[in-house]
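> Sequence first, predicted model second:
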Amino acid sequence: MKTIQESWSQDGYLDIPNFWAWDLKSNTFSISDNVNAVLALPSQTINSLDTLKKRLFSVDSKWLEIDYIKEFTHHKDYFERKIRLYNVENKFQFFQINGYVVARDEKHNATQIKGTFTHFSYLVEHPEIVPKAPHQASEFESIIAGIEAGIWNWDLQFDTIWWSSKFYQLLGYNNDEIPSSFNTFFNTILHQDDKDKVEQLLWEHLYQRKPYKLEVRLLTKEGEYKWFQTSGQAIWDTEGKPVKMAGSIIDINEKVNNRISVLKSEFLLNESSKLARIGAWEVDLKTRKVSWSDSTKAIHEFPVEMAIPSLEEAFQYYPEQSRELIAKAFDETVITGKVFDINCEFITHLQNIIWVRVIGSPLFDAQNNIIGVRGVIKDIHEEKQKELFLQESLKIIHEQNKKLLNFAHIVSHNLRSHTGNLEMISNLIEECNSEQEQNLLLDNVQQISKQLSETIAQLNEVLIIQSQVQQPKVSIHFEEVFQKVKNQLQDELALSKANIEANFEACEDVLYIPAYLESIFFNLLANAIQFRKLEIQPLITISTKIENHKTVLEIKDNGVGIDLEKYKFKLFGMHNTFHKNTSGKGFGLFLIKNQLDLMGSEIEVISQEHIGTTFKITF
């Protein structure tokens, strides 16, 4: 079966320089190579419908849509249309398409169309030889002369355009100083980046009858682009074909530049707000409507697509204590007009707790009535954390200074006591008259030396504790530490027949310094064994739990207990003992407290004489 080109070539049609043919049934399109020569394109650049459309001005594309051609030719055998094709320099060349229906199917639909195309750019370039459209009357000229807009009138049949004097003037030209044509407008004075939207909107207006109004940049005589608003309205014939279009251009350069400047300022303000984490808010007291800036939403971690909460809902982002503070300050501003400035905790939409600074001031109407409250909210979490850290550091330094002073007093007291005793005995030895007295005093020297050695060892242990705080924290299993300490105390446990019940299921491990945790276990278990009631079997219960997202260790015994009313403030002092007839030296609890303080942990004691004691440690 022959192709449409072969079939028509035999008929001699393709010998005609300006011939085209279209088989609508198979959508096969052929066109003479002469169109490429006219457009100064290489041979066969345009050789099909698709390649033709690539060079076609989009406004004219409807004339080459197969569905439109089928509908249009259903009751017509002949048609003509004007199209614009881009040449090798991307300038318009104007052609008239003439088409003839040569075959139809049983439903009278056109199946084959043949025709010619005629290049008539010369007529466009020399409009003086084209029949003129009726010229605007002098009265009309007078009317538009006083309008601050350039008027244009486009004859779509002949592609001729008339520009008013003001049109030229707005672009900085004298009348007729540049050709008044669509080609001049589109390819010379229209900004390159605005061409696509002009094409699109023109097509939508001419063929979908959508409004034609947009902002474009046009090149002035001075060589700079200025912003104009252009609008227009087409006239259609009885067949729905656009035949004329008229419109205007208005200089909006200052307005657009101001708008761009405002948008730039808003952008810089928004970016600055984002970087500074500052947002704006406003409450209309009449409607109770709340307004938030984008930065305010960001601080709230609030979804952009959700509606802004009501005033009552907005207050719910503050914890109870902060909410009472903010609500009271807000109400006071509404009543008295007093500005408020509050730092408080805040709960974001994603349930993150942060610190914010909230400032609010009243809004007044013309009668000086308060009609709203406006303010800012600033994320100060990082600054607050630094402040709290500094306060905590100062607190720790203060506590450390107290401990160092206390330690110095202890060292001074204990060593002075021992050295004083040694000095006194030395003097007595020198005064002794008998060897028996000297031997007795020498025994005392040995006892004092032993006590001095113990004191120095204890003080050294305190210094070791201070140095161990620099060691890294590691994950420690409570059970492993418990078993290790239990083995160390096995003789004491066997002698006391103490029963220990340990359960670490609620929290099996903790991030801590191993030496500290072992010391805490050892001293508390040793105390529980040492201060047991002799008449009953000792019972020591050890357990863990989670309270307020923190790990808690509890060690409970049924021993002799402590009179907390009497010894509460001496409980963790060095060499403080609370029971008679015991060998306790009052050093274990002092050691534990130092270790816990260095780690920022807390210890709570619940005790009653003759009932028992519970130590609760929060890590």
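Great, that's in hand.

> For Gly600, the count of nearby residues, please.
Using other Cβ atoms under 10 Å, Gly600 has 10 neighbouring residues. The C-beta positions use only the backbone N, C-alpha and C, and glycine is treated the same way.

> all helices of the stretch 501-619 of the chain, in order?
514-530, 564-567, 588-599 (DSSP state H, counting those that start in this stretch).

> can you redo these as TSV with distance to Lys297?
Output for those, formatted as TSV (distance: least, Cβ to Cβ, whole Å):
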stretch	distance to Lys297
helix 514-530	45
helix 564-567	52
helix 588-599	40
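
> will you turn those into JSON lines that also has distance to Thr220 and mean neighbour count?
Below are these laid out as JSON lines (distance: least, Cβ to Cβ, whole Å; neighbours: other Cβ atoms under 10 Å):
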{"stretch": "helix 514-530", "distance to Thr220": "81", "mean neighbour count": "20"}
{"stretch": "helix 564-567", "distance to Thr220": "92", "mean neighbour count": "12"}
{"stretch": "helix 588-599", "distance to Thr220": "76", "mean neighbour count": "20"}
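
> beta partners of Gly279?
Ile377 (DSSP bridges).

> Against Asn174, how distant is His223?
I think there's a mix-up here, since residue 223 is Gly and not His. From Gly223 across to Asn174, the span is 16 Å (Cβ to Cβ, to the nearest Å).

> okay, those two: which has more neighbours?
Counted by other Cβ under 10 Å, Gly223 and Asn174 do not tie: Asn174 has more neighbours, with 10 against 7.

> quick one: the strands in the stretch 251-400 of the chain?
Using DSSP state E, counting those that start in this stretch, the strands of the stretch 251-400 of the chain run over residues 278-284, 289-292, 340-347, 353-364, 370-379.

> right, I mislabeled it, should have said the stretch 401-550 of the chain
474-477, 499-503, 509-512, 539-547, 550-557.

> tell me the most buried of the ones you listed?
strand 550-557 (a mean of 20; mean count of other Cβ atoms under 10 Å).

> Now render the strands of the stretch 251-400 of the chain as TSV, adding mean neighbour count.
Formatted as TSV, the strands of the stretch 251-400 of the chain follow (neighbours: other Cβ atoms under 10 Å):
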stretch	mean neighbour count
strand 278-284	19
strand 289-292	16
strand 340-347	17
strand 353-364	17
strand 370-379	19
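
> So Asp60 is in contact with Arg84, correct?
Yes. Using Cβ atoms under 8 Å, Asp60 is in contact with Arg84, at 5.7 Å.

> low-scoring stretches of the protein, by residue?
In the predicted model, the chain carries pLDDT under 70 at residues 1-17, 123-147, 262-276, 399-400, 402-423, 438, 441, 448-471, 567-570, 572-588.

> chain center to stretch 33-51: distance?
53 Å (Cα atoms, centre = their mean, to the nearest Å).

> ok, which stretches of the stretch 101-250 of the chain are strands?
Using DSSP E, counting those that start in this stretch, strands in the stretch 101-250 of the chain cover 110-119, 150-155, 160-163, 212-219, 225-236, 242-251.

> Between the two ends of stretch 365-376, how far is it?
Stretch 365-376 has an end-to-end distance of 20 Å (criterion: Cα to Cα, to the nearest Å).

> chain center to it, what's the gap?
On Cα atoms, centre = their mean, the centre of stretch 365-376 falls 32 Å from that of its chain.

> go on, stretch 164-183?
On Cα atoms, centre = their mean, the centre of stretch 164-183 falls 50 Å from that of its chain.

> So that it lines up with my notes, have the first residue be 37 from now on.
Sounds good: first residue 37 from here, last item stretch 200-219.

> mind exporting it as CSV, just the C-alpha atoms?
This file holds the C-alpha atoms of stretch 200-219, laid out as CSV (Å, rounded to 0.1, in the frame of the first residue of the first chain):
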residue,chain,number,x,y,z
SER,A,200,-1.6,55.0,20.1
SER,A,201,0.8,58.0,20.7
LYS,A,202,0.8,57.2,24.4
PHE,A,203,1.8,53.6,23.7
TYR,A,204,5.0,54.9,22.0
GLN,A,205,5.5,57.6,24.6
LEU,A,206,5.4,55.1,27.5
LEU,A,207,8.2,53.2,25.8
GLY,A,208,10.2,56.4,25.2
TYR,A,209,9.6,56.5,21.4
ASN,A,210,8.2,59.1,19.1
ASN,A,211,5.2,58.0,17.0
ASP,A,212,6.0,55.4,14.4
GLU,A,213,9.7,55.4,15.4
ILE,A,214,9.5,51.6,15.6
PRO,A,215,7.2,49.3,13.5
SER,A,216,3.8,48.7,15.2
SER,A,217,3.5,45.0,14.7
PHE,A,218,3.0,41.9,16.8
ASN,A,219,6.4,40.7,15.6
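
> quick one: buried residues of it?
Of the residues in stretch 200-219, 200-204, 206-207, 209, 216-219 count as buried by neighbour count, 16 or more other Cβ atoms under 10 Å.

> Out of those, which comes closest to Ile572?
In terms of Cβ to Cβ, no member of the buried residues of stretch 200-219 lies closer to Ile572 than Leu206, at 107.8 Å.

> any idea how far the closest one is from Ser297?
Going from Leu206 to Ser297 by Cβ to Cβ gives 22 Å.

> do Ile133 as well
Relative to Ser297, and taking Cβ to Cβ, Ile133 is found at 48 Å.

> before we move on, the earlier item: of the strands of the stretch 137-286 of the chain, give the one that comes closest to Ala538.
strand 248-255 (79.2 Å).

> With only the CA atoms kept, save stretch 277-294 in PDB.
Provided in PDB are the C-alpha atoms of stretch 277-294 (Å, rounded to 0.1, in the frame of the first residue of the first chain):
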ATOM      1  CA  LYS A 277     -12.800  32.700  14.900                       C
ATOM      2  CA  PRO A 278     -11.000  35.700  16.600                       C
ATOM      3  CA  VAL A 279     -10.800  38.500  14.100                       C
ATOM      4  CA  LYS A 280      -9.800  41.600  16.200                       C
ATOM      5  CA  MET A 281      -8.300  42.300  19.600                       C
ATOM      6  CA  ALA A 282      -7.800  45.600  21.400                       C
ATOM      7  CA  GLY A 283      -6.300  46.500  24.700                       C
ATOM      8  CA  SER A 284      -3.900  48.800  26.600                       C
ATOM      9  CA  ILE A 285      -0.600  49.000  28.500                       C
ATOM     10  CA  ILE A 286      -0.200  50.900  31.800                       C
ATOM     11  CA  ASP A 287       3.100  51.800  33.400                       C
ATOM     12  CA  ILE A 288       3.300  50.000  36.700                       C
ATOM     13  CA  ASN A 289       7.000  50.000  37.100                       C
ATOM     14  CA  GLU A 290       7.100  52.000  40.300                       C
ATOM     15  CA  LYS A 291       4.300  49.900  41.800                       C
ATOM     16  CA  VAL A 292       6.000  46.600  40.900                       C
ATOM     17  CA  ASN A 293       9.400  47.800  42.100                       C
ATOM     18  CA  ASN A 294       7.800  48.900  45.400                       C
END
